[in-house]
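> I need the structure of the sequence given here:
(one chain, ligands or ions: 2)
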Amino acid sequence: MTHSCDVAIIGAGTAGMAAYRAARRHTERVLLIEAAHYGTTCARVGCMPSKLLIAAADAAEAVREAHRFGVQADAPAIDGRAVMQRVRSERDRFVGFVTDTVEGWPEATRLFGRASFVDANTLDVDGRRIEARAVVVATGSRPRLPAGWRERLGHRLIVNDDVFDWVDLPRSVAVVGAGVIGLELALALHRLGVRVRLFARGERISPLTDPELQALGRQLFAEALPLTANAGDLQPAVDGDQVLLGGERFDLLLCASGREPNLDGLGLEALALPRDAAGRPRIDRHTGQWGAGPLFVAGDATEDRPLLHEAADAGRIAGDNAARFPDVHRRPRRAPLAVVFSDPQIAMAGASHAELTAAGTAFDTGRVSFADQGRSRVMGVNRGGLHVYAQRGTGRLLGAEMIGPAAEHIGHLLAWCVQRGDTVQQMLNYPFYHPVVEEGLRTALRQLHNDQHLPDPPIEDCLDCDTEAEVGG
Ligand SMILES: Cc1cc2nc3c(=O)[nH]c(=O)nc-3n(C[C@H](O)[C@H](O)[C@H](O)COP(=O)(O)OP(=O)(O)OC[C@H]3O[C@@H](n4cnc5c(N)ncnc54)[C@H](O)[C@@H]3O)c2cc1C
Ligand SMILES: NC(=O)c1ccc[n+]([C@@H]2O[C@H](COP(=O)([O-])OP(=O)(O)OC[C@H]3O[C@@H](n4cnc5c(N)ncnc54)[C@H](O)[C@@H]3O)[C@@H](O)[C@H]2O)c1
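Ligands and ions are numbered 1, 2, ... in the order given. This is a model prediction of the structure:
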């Protein structure tokens, strides 16, 4: 029997749920199709459980570092079963909220099964036919594994999904890939007493694109955990019940070498959709539309900023437009913001150094090192640097990259200023409390203000909140 609807949404993750809500504002005839589980990648195996593991690692590190403040404590005794129990139970709580939400939606608007396209308006879901006026593909992404590793390593090869179901911490893990997932998980496991080595194929560690900050990050992470850079084309092997990599034996190999969109296996090849020279889908990020027809794509499936808040925005835009189709509306997108929850943290806001350079933009850089930044020293977290990029001539903030304390918060301030179109002068007119890590941002902005010889000096400084006072107390 054929079921017909106005909007079919493939995938009940963050993007799919946002698309569902947006489409339902226009029509009751929406169908949300999910192949595996409700609960979303973010809550089940992504943002939330990874931050739970990091929170446990931070607690252990605070005990280790306490002696620097004159507080004596024994080395932390880490109960791996208790760590993983908290990770799993809090994770289950978050997943439960999401699952309850989806299961609260009318049953007639939900379907379990794996969807694929028969034609632009027809889906096959495990043998059932669905006809839809428009379709949103929100199928997410999956870990990318180097060819042959699964066959070679069997159950010794794991991905992020596996980590959060552990009952206990393993003794040793090789982490391959020094991107976002690799850095966050390797550092957390290392601090939780697991013998870890992080392997980077080249010399690049972390997503930082500013060469000075990339070099600083490399140095800071090499101090923070066992790290092999320039590992080249890794060839792990099984040795008894262990994995042999770089001359070292590990219980497990955690592969964090990037993710690929779940766009294969959907029958999209038959739909003659526009692609770029490299074969990547040409999807309009302001409408979610792929081509001129009734197909919309959102979230990690697009490979465009694979982050939670972006998936939610893209889902909303795609779901709204799918319901309106063919009356498609273009919607604005937010300023870019990405945070890595490593230690030190990383934040990237607005345009990256690499993007500005590639576009030939004329910009100047304001710099601050956190080595001598007042509040950072007080808290013993005085490592890292912040670079802010402003357009030459106008002083308009274009972007920033940072590795250092409170990056998750300073990154937000910077992204908000980029989105608002603030200039360096406008930013210097905002209040800065004393003593806070944000005073480091002010130092970088002042440098830009001086270097760019910008007119209209900012509100006159008082002595107490001068840059020097920030260090001197
Ligand atoms: C370890 C990790 C940590 C992360 N941490 C952060 C973080 O701290 N902050 C942040 O912003 N982002 C983070 N992310 C990224 C964030 O989780 C993703 O960007 C976001 O979850 C993507 O949502 P989505 O809706 O596109 O995909 P998903 O939530 O993966 O949803 C896709 C859904 O589609 C279903 N599906 C796939 N194919 C089909 C089919 N053919 N038929 C039916 N259903 C199908 C899947 O089963 C799945 O339920 C992290 C990711 C990982 C892996
Ligand atoms: N804090 C957060 O917001 C957060 C956390 C985790 C994940 N995420 C999202 O998930 C996405 C995927 O994360 P990821 O870490 O899988 O991808 P990534 O692209 O950040 O990093 C993958 C790394 O693996 C390396 N690599 C690739 N093949 C390799 C090989 N054969 N050997 C060794 N190294 C190899 C790459 O050079 C790269 O450095 C991120 O881009 C991010 O959007 C976000």
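
> tell me the secondary structure for whatever residue of the stretch 351-473 of the chain ends up closest to ligand 2?
For the stretch 351-473 of the chain, the residue closest to ligand 2 is Glu408, as judged by Cβ to the nearest ligand atom, at 9.0 Å. Using the backbone N, CA and C atoms, a C-beta is placed for each residue, glycine as well. Taking DSSP: H, G, I helix; E, B strand; the rest coil as the rule, one finds Glu408 in the helix state.

> so Val378 versus Leu220, what's the distance?
Distance of Val378 to Leu220, computed by Cβ to Cβ, to the nearest Å: 19 Å.

> next: Ala270.
Separation of Ala270 from Leu220 (Cβ to Cβ) stands at 49 Å.

> looking at these two, which one has more neighbours?
Taking other Cβ atoms under 10 Å, Ala270 and Leu220 do not tie; Leu220 has more neighbours (19 against 11).

> how about the more buried one, what does it touch?
Applying Cβ atoms under 8 Å, 6 or more residues apart in numbering to Leu220 gives the contacts Pro344, Arg383, Gly384, Ile403.

> so which helix or strand takes in it?
Element membership of Leu220 [criterion: DSSP states H and E] is helix 211-224.

> now what about the helix or strand following that helix, what contacts it?
The helix or strand immediately downstream of helix 211-224 is strand 227-228, counting by DSSP H and E. Here strand 227-228 makes contact (Cβ under 8 Å, 6+ apart) with Ala178, Arg197, Leu198, Phe199, Ala200, Ile205, Phe221, Gly246.

> filter those residues down to just the ones in strands.
Applying DSSP state E to these, the entries found in strands are Arg197, Leu198, Phe199.

> quick check, nearest of the residues you listed to ligand 2?
The closest of these, once distances to ligand 2 are taken by Cβ to the nearest ligand atom, is Phe199, at 5.9 Å.

> contact residues of this structure facing ligand 1?
The chain comes close to ligand 1 at residues 10-16, 33-36, 40-42, 46-47, 50, 114-115, 138-140, 160, 181, 262, 266, 299-301, 306-309, 311, as judged by Cβ under 6 Å from any ligand atom.

> what separates the closest residue to ligand 2 within the stretch 251-400 of the chain from ligand 1, distance-wise?
Using Cβ to the nearest ligand atom, the single residue of the stretch 251-400 of the chain nearest to ligand 2 is Ser257, 3.4 Å away. Taking Cβ to the nearest ligand atom, to the nearest Å as the measure, Ser257 falls 12 Å from ligand 1.

> need the contacts of Leu220 in TSV (columns: secondary structure, pLDDT and neighbour count).
Output for the contacts of Leu220, formatted as TSV (DSSP: H, G, I helix; E, B strand; the rest coil; pLDDT from 0 to 100; neighbours: other Cβ atoms under 10 Å):
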residue	secondary structure	pLDDT	neighbour count
Pro344	coil	98	23
Arg383	coil	98	20
Gly384	coil	98	27
Ile403	strand	98	27
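
> and the furthest pair within these?
Spatial extent of the contacts of Leu220 (Cβ to Cβ) is set by the pair Arg383 and Ile403 at 8.2 Å.

> shared neighbours of these two, which are they?
Both Arg383 and Ile403 are in contact with Leu220, Pro344, where contact means Cβ under 8 Å, 6+ apart.

> for the stretch 1-150 of the chain, which spans come out with low pLDDT?
Within the stretch 1-150 of the chain, the segments meeting pLDDT under 70 span 1.

> OK, now which residue of it is nearest to ligand 1?
Residue nearest to ligand 1 within the stretch 1-150 of the chain (Cβ to the nearest ligand atom): Gly13, separated by 1.8 Å.

> taking the residues of the chain next to ligand 1 one by one, which sit in strands?
Among the residues of the chain next to ligand 1, DSSP E puts Ile10, Ile33, Glu34, Ala115 in strands.

> could you give the angle of the helix or strand that contains Arg64 to helix 211-224?
Secondary-structure assignment from DSSP H and E places Arg64 in helix 47-65. For helix 47-65 against helix 211-224, the angle between stretch directions is 60 degrees (axes from the mean of the first three to the mean of the last three Cα atoms, to 10 degrees).

> near ligand 2, which residues of this protein?
When proximity is defined by Cβ under 6 Å from any ligand atom, the chain lies next to ligand 2 at 146, 176-182, 184, 199, 201, 207, 234, 256-259, 306-307, 338-341.

> now the phi/psi pair for Ala347, please.
The phi/psi pair for Ala347 (degrees, to the nearest 10) reads phi -140, psi 140.

> sorry, back to before: now for the contacts of strand 227-228, which pair is the farthest apart?
Farthest-apart pair in the contacts of strand 227-228 is Phe221 and Gly246; separation 16.6 Å (Cβ to Cβ).

> what helices or strands is whichever helix in the chain runs longest leaning on?
Assignment by DSSP state H gives helix 80-103 as the longest helix of the chain. For helix 80-103, the elements it packs on are helix 14-24, helix 41-45, helix 47-65, judged by 3 or more Cβ pairs under 8 Å, 6 or more residues apart in numbering; DSSP states H and E.

> quickly run through the sheet partners of the next helix or strand after it, with directions.
As assigned by DSSP H and E, the chain's next helix or strand after helix 80-103 is strand 110-112. Applying DSSP bridges, strand 110-112 is found paired with strand 30-34 (parallel).

> mind saving the C-alpha coords of the strand it pairs with as CSV?
The C-alpha atoms that make up strand 30-34 are tabulated as CSV, following Å, rounded to 0.1, in the frame of the first residue of the first chain:
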residue,chain,number,x,y,z
VAL,A,30,4.5,15.1,7.6
LEU,A,31,6.3,11.7,7.9
LEU,A,32,9.5,11.3,9.9
ILE,A,33,11.4,8.1,9.0
GLU,A,34,14.1,6.7,11.2
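
> how close does the residue in the stretch 1-150 of the chain that ligand 2 sits nearest to get to Ala35?
At 4.5 Å from ligand 2, Pro146 is the closest residue in the stretch 1-150 of the chain, using Cβ to the nearest ligand atom. Pro146 is 25 Å from Ala35, where distance means Cβ to Cβ.

> may I see the buried residues of stretch 403-423?
Residues 403-407, 410-411, 413-415, 417-419, 422-423 are the ones in stretch 403-423 that count as buried (16 or more other Cβ atoms under 10 Å).
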